[in-house]
Structures are given as C-alpha cells and as structure tokens.
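Peer 1: 3D model of this:
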Amino acid sequence: MEIDSLREAFDRVVEKRTLSSTKVQEAIDQIVNEVMQAISKIQMMNTDSMDSCDHSYILAELKAKLNEVAPLNQLEGCQKELNVALSKYLKLLEKSFNPDISKAYRNVDFETSTINNIIANHFYRQGLFDLGDSFVHECGESDRSYLKSSFQEMYGILEAMQARNLEPALSWAAKNHDQLLQNSSMLELKLHSLQFVEILTNKGSKDEALQYARTHLGPFAFMHEAEIPRLMACLIWDRLDQSPYAEFVSSTQWEKLSEELIHQFCSILGQSSDSPLNVALSAGFQGLPTLLKLTMVMAAKKQEWQAMKQLPVPIDIGPEFQYHSVFVCPVLREQSSDENPPMLMPCGHAVSKQSIMKLSKSSSRTFKCPYCPSEAVASECKQLRF
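Peer 2: Predicted coordinates for the structure are as follows:
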C-alpha cells in the first residue's frame, strides 16, 4: 500500500538527517578543537617576548589545518543525499495526498437526516454528549430519537467500574440475562466472579465471600464447571497475588471486562461495538489512494468508472474491515454479485451462475464439473448464500 511507501521514504529522510547531523557535529567539534589548541599555544607563550610574527605563525598554522579539515567538503556529500531524500519524499507526499479527493467521489443519493443520525450517534457513542446535543440542535433534527440515553447508561456503568463499583454493571447484566445467554456471553458470570474476588481481597471476609458465591455463583455452576472450582480455591489463600490464581486480582481483569461490557451492551442495542462512522472513514482513508489512482488511469483512457457496478482493481483495506465472505468463481475468475451468485453443484463444488450457464449451453444439456468427473444439469444446482 502507498502508506508503506510513504513510511519507507520518511524513514530514509530521518536516516539521512541523522547522518548529516552527526557529520556536522563532528566537523564542528574538529574546528573547535583546532581553535582551542591555537588559543592554548598563544597563552602558553611568553607574551613579553612574543612579536607579531609569532602570532602570524600560529594563525597561519590554524588556517592551514582548517583548510586541511575542509569542513564544507565533508558536509557537502551528506547534505546532498539529505536534500535528494527530502525532495523525493515531498514529491511522494504530493502524489499520494492529492488535495482534490472529489475525483474519487461517487454520486450517491442519501438522506441528510440519515447522515445526521449517524454523526450524532457517533458523538453519543464516544461519550461526547454535549457535543452530540449541540450537533442535533444545529442540524434542526432535535425531535429524532437517538441512542443518547442508552449510551449515557453505558458510560455510567463504565465510570462506576473505574471506581471499582460493580453494582450498576451487575444490575444491567441481571436485567439482560436472557439476551446475554443468547449471545453465549459469560459476562454476568465474570462480573459476579470479580465481585467475589473484590469481597475476598478488599473486605478480607471469607465468610461473606463464600455466602456471595453460594448466592450468585451457584446458578452458574452447572454450565461452568471449570471456572467455579478455581474461584472457590481462592478461599484457601490469604494472599491471592502470590497464589496460582493471581490473575483474578490483576488490573487487566477490569479493563478486559469493561471492553466486553461495551461489546455486549452495543450488541443488545443492535449496534456494532465500533462506531460505523469511524469504520467508514478509516476504510475510506485506506482505499482513497487506490481510488484516486484509478480515476487518473480511467480519465487517461477516457472511461467513466462511476457507472461500473464492480471496480476493475482490488482495494486492500485490511481484514479488520471485512465483514462477510467473498466468492470468486474459479472458472471465470470473477467475483460473484447479485446477478451472478455462487452456485453449488450436486458434487459439492461451487462455481458462478454464469459459469453454469456457459457449461450447460444455457441450461440446454448436461455438463461435466470442471473439477471432478461428476455430471449435472443446471436445475440441480442451488444458489449459495454466505
């Protein structure tokens, strides 16, 4: 990706600058050393018996040594290399960060209110409630229902957890017990486990901790036979931080639990754990250089890319932005689409619908699988949905 080329060019500039700086410092030190030696010679001589010829001799000797050192000649080469690297980096910046990104813009009809809703909910999701309220007020859509109250509840729980108070989180988990089970989440058990450890370590009361375990951890014993005994073993240790179960008192437990609570809270709300606006902007930032290069190539060929249903080049935006499987027909080597979906043949191999139509001569005859000796007819093939 172009960002890697920029990083490499930047690293070269830094390397050349470091080398140039080192050379400059060495030259300065050498000059200072020669001057200091000349001064020492003058000071050591008897000034009474010293005449102007002696002064001239020492200064002439200093001049000769400085000419021999030739600091400008030493610095010229490394400075030239630095200037070349810097020039290439600036050109690469201009090429990669084209200010006219509108060339990669595709005309899409969308509702302004929908975009406003996404932006406002992004602010609320980040906990910027005052900023979200100001945006909603200024865009004139204050009557719309946003997720402000839900995210206020979430941040209230997180603030309480930062203060080592698990009561709001436990209350929320109990209220959403069924949804957490449907998500196969162990969040409620983890919260009760952490509360059990807090009682055991901070209050130092094993009886109270045992009673809490019987009341709140007991219902989870049947489904979580491995976790409960490990928690109960904590009761026999006076110093958990020096026991085999030190992980239970690690500060990372609170951080991991906070992250999981955010994930489950958003899931129950029907929202992704990451802000859709942040994901869209991040993915767009990574794909923008390729799109800009594509527009330049298409413009040179006098072709219009905006009318294309599928881009002629792949855009690598990283696995973190891939949310569904992509099927590429092994016969036509084209990505599937709504008009050309993947099809499963009776033998278990999959090709695109267009491949089946070509192999079967538009469904008029039996055809052979491209990958095995099995034969099939188009009517026996079923559409695949990933």
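
Peer 1: Past the strand or helix carrying S87, which element shows up next along the chain?
Peer 2: Secondary-structure assignment from DSSP states H and E places S87 in helix 71-96. As assigned by DSSP H and E, the chain's next helix or strand after helix 71-96 is helix 112-125.

Peer 1: can you list the weak-confidence ranges in the stretch 251-386 of the chain?
Peer 2: 305-307, 309-310 (pLDDT under 70).

Peer 1: run the last query once more with 50
Peer 2: The model of the stretch 251-386 of the chain has no residue with pLDDT under 50.

Peer 1: Pull out the buried positions in the helix holding S87.
Peer 2: Going by neighbour count (16 or more other Cβ atoms under 10 Å), the buried part of helix 71-96 is 71, 75, 78-79, 81-82, 85, 89, 92, 96. Where C-beta positions appear, they are placed from N, C-alpha and C, glycine not excepted.

Peer 1: Out of those, which is nearest to S325?
Peer 2: S96 (31.2 Å; Cβ to Cβ).

Peer 1: Verify the stated contact: that closest one with F285.
Peer 2: No: the pair S96 and F285 fails to qualify as a contact (Cβ atoms under 8 Å) at a distance of 11.7 Å.

Peer 1: start to end distance for stretch 209-224?
Peer 2: Stretch 209-224 has its terminal residues 19 Å apart, counting by Cα to Cα, to the nearest Å.

Peer 1: Tell me which residues of it come out buried.
Peer 2: For stretch 209-224, by 16+ other Cβ under 10 Å, it's 209-210, 212-213, 216-217, 220, 224.

Peer 1: And C78, how far from E34?
Peer 2: 21 Å (Cβ to Cβ, to the nearest Å).

Peer 1: Also S56?
Peer 2: In this view, S56 and E34 are 17 Å apart by Cβ to Cβ.

Peer 1: Just give me the least confident of the buried residues of helix 71-96.
Peer 2: Of all the buried residues of helix 71-96, S96 carries the smallest pLDDT score, 70.

Peer 1: Can you identify the helix in the chain that spans the most residues?
Peer 2: The longest helix of the chain (DSSP state H) is helix 2-44.

Peer 1: any idea how far that one is from the chain center?
Peer 2: 37 Å (Cα atoms, centre = their mean, to the nearest Å).

Peer 1: i'd like the first residue to be 293 from this point on
Peer 2: Okay, using 293 as the starting number, the last item reads as helix 294-336.

Peer 1: Tell me which residue is most central in the chain.
Peer 2: E612 (7.8 Å; Cα atoms, centre = their mean).

Peer 1: how close does that residue get to S574?
Peer 2: For E612, the distance to S574 equals 8 Å [Cβ to Cβ].

Peer 1: do the same with L420
Peer 2: Using Cβ to Cβ, L420 is found at 18 Å from S574.

Peer 1: Repeat that for I491.
Peer 2: Applying Cβ to Cβ, the value for I491 to S574 is 42 Å.

Peer 1: So between these two, which is more surrounded?
Peer 2: Using other Cβ atoms under 10 Å as the criterion, I491 and S574 rank with I491 on top: 19 against 16.

Peer 1: right, and that one touches S497 too?
Peer 2: Yes: I491 is in contact with S497 according to Cβ under 8 Å; the separation is 6.6 Å.

Peer 1: pretty sure M635 is in a strand, no?
Peer 2: Yes: judged by DSSP: H, G, I helix; E, B strand; the rest coil, M635 forms part of a strand.

Peer 1: Hmm, H516 is touching M478, no?
Peer 2: Yes: the criterion here is Cβ under 8 Å, and H516 meets it with M478 at 7.2 Å.

Peer 1: thinking again about what came up before, quick one: the buried residues of helix 363-388 as JSON lines, columns for distance to E672 too.
Peer 2: Supplementary listing: the buried residues of helix 363-388 in JSON lines, determined by distance: Cβ to Cβ, whole Å:
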{"residue": "P363", "distance to E672": "84"}
{"residue": "L367", "distance to E672": "78"}
{"residue": "C370", "distance to E672": "73"}
{"residue": "Q371", "distance to E672": "74"}
{"residue": "E373", "distance to E672": "68"}
{"residue": "L374", "distance to E672": "69"}
{"residue": "A377", "distance to E672": "63"}
{"residue": "Y381", "distance to E672": "60"}
{"residue": "L384", "distance to E672": "55"}
{"residue": "S388", "distance to E672": "51"}
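
Peer 1: which of those lies closest to D630?
Peer 2: S388 (34.0 Å).

Peer 1: separation between that closest one and K585?
Peer 2: 10 Å.

Peer 1: For Q675, grab phi and psi.
Peer 2: Backbone torsions of Q675, given as degrees, to the nearest 10, read phi -70, psi 140.

Peer 1: how close does the residue nearest to it when sequence neighbours are not counted sit to T658?
Peer 2: Take Q675 and drop its neighbours on the chain: the residue closest to it by Cβ to Cβ, 6 or more residues apart in numbering is P633, 5.2 Å away. Applying Cβ to Cβ, the value for P633 to T658 is 22 Å.

Peer 1: Which one's more surrounded, these two?
Peer 2: Applying other Cβ under 10 Å to P633 and T658 shows that P633 carries more neighbours, namely 15 against 12.

Peer 1: I'd like to know which elements the helix or strand harbouring V589 is packed against.
Peer 2: In this assignment (DSSP H and E), V589 forms part of helix 568-592. Contact here means 3 or more Cβ pairs under 8 Å, 6 or more residues apart in numbering; DSSP states H and E; on that basis helix 568-592 packs against helix 294-336, helix 404-417.

Peer 1: run the last query once more with 7 Å
Peer 2: Where contact means 3 or more Cβ pairs under 7 Å, 6 or more residues apart in numbering; DSSP states H and E, helix 568-592 is packed against helix 404-417.

Peer 1: ok so, going back, hang on, the residue nearest to Q675 packs against S647?
Peer 2: No: using Cβ atoms under 7 Å, P633 is not in contact with S647, being 11.3 Å away.

Peer 1: hang on, M453 packs against S550?
Peer 2: Yes: the pair M453 / S550 is scored as a contact, 5.6 Å apart, by Cβ under 7 Å.
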